[in-house]
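Engineer: dropping the sequence and predicted coords here.
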Amino acid sequence: MSDIIRTWRYIPQRYNLIGTKCTTCGKVYFPPRVICPECRRNGKLENIQFKGTGKIHSFSIVRTPIDDFKTIAPYSVAIIELDEGAKVTSQIVDADIDNIKIGDPVEMVFRKIREDGEDGVISYGFKFKIKK
Ligand SMILES: [Zn+2]
C-alpha cells in the first residue's frame, strides 16, 4: 500500500489527465507543452485538467505484444480525441475488441498497468473504456 501512496504523490500527472491550453489561440495540448507551437512567444499557456471523456479517433488491435503485456493480449490501443480537443494514446479496456468503432465515446478509468513479480510493485495509470 505504501508504494501506491508514494507513486501517487510523485507522479500526479499519471492519475489526473493534465495538459496545457494556450489562452491566445485556444489550442489544447497533451502531454503538456512549454511553448505553444502555433503562437510561439505570443502564446500564453495554462494547465488544464481534462474531464477524461472523448471519442475514438483511430485504433489498432495488438495480438502479439511484448512480454510484459502477454497476459492481456489481444487488446486494443486507441488514439482518443478528448472532448477538449487534445489527443491521447491509451489502451481500451473492458471492450469487445472486434466491435470497437471509430467515433465510439470513451471515458477514462484507472487500472493496473503492470505488476513486477518479485517485489510486487503495482503500477497504476489511466486507460479508457467504451462509454455505454
Ligand atoms: Zn497558441
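Structural biologist: Thanks, I have it.
Engineer: what residues are up against the spatially most central residue of the chain?
Structural biologist: For the chain, the residue nearest the mean C-alpha position is residue 90 (4.7 Å; Cα atoms, centre = their mean). Residues in contact with residue 90 (Cβ atoms under 8 Å, 6 or more residues apart in numbering) are 77, 78, 80, 126, 127, 128. Glycine gets a C-beta too; all of them are placed from N, C-alpha and C.
Engineer: list, out of those, those positioned next to the ion.
Structural biologist: Residues of those in contact with the ion (Cβ under 5 Å from the ion): none.
Engineer: who wins on neighbours among these?
Structural biologist: Using other Cβ atoms under 10 Å as the neighbour criterion, residue 128 leads the contacts of residue 90 with 29 neighbours.
Engineer: quick check, pLDDT for that one.
Structural biologist: On the pLDDT scale, residue 128 is placed at 94.
Engineer: re earlier: now do the residue nearest to the centre of the chain against the ion, distance only.
Structural biologist: 25 Å (Cβ to the ion, to the nearest Å).
Engineer: just name the closest of the contacts of residue 90 to residue 41, please.
Structural biologist: Nearest to residue 41 among the contacts of residue 90: residue 80, at 30.5 Å, using Cβ to Cβ.
Engineer: nearest residue to the closest one other than its sequence neighbours?
Structural biologist: Nearest non-adjacent residue to residue 80, counting by Cβ to Cβ, 6 or more residues apart in numbering: residue 54, 4.8 Å away.
Engineer: residues contacting the one you found?
Structural biologist: Counting by Cβ under 8 Å, 6+ apart, the residues that residue 54 touches are 80, 81, 82, 83, 88, 105, 106, 128.
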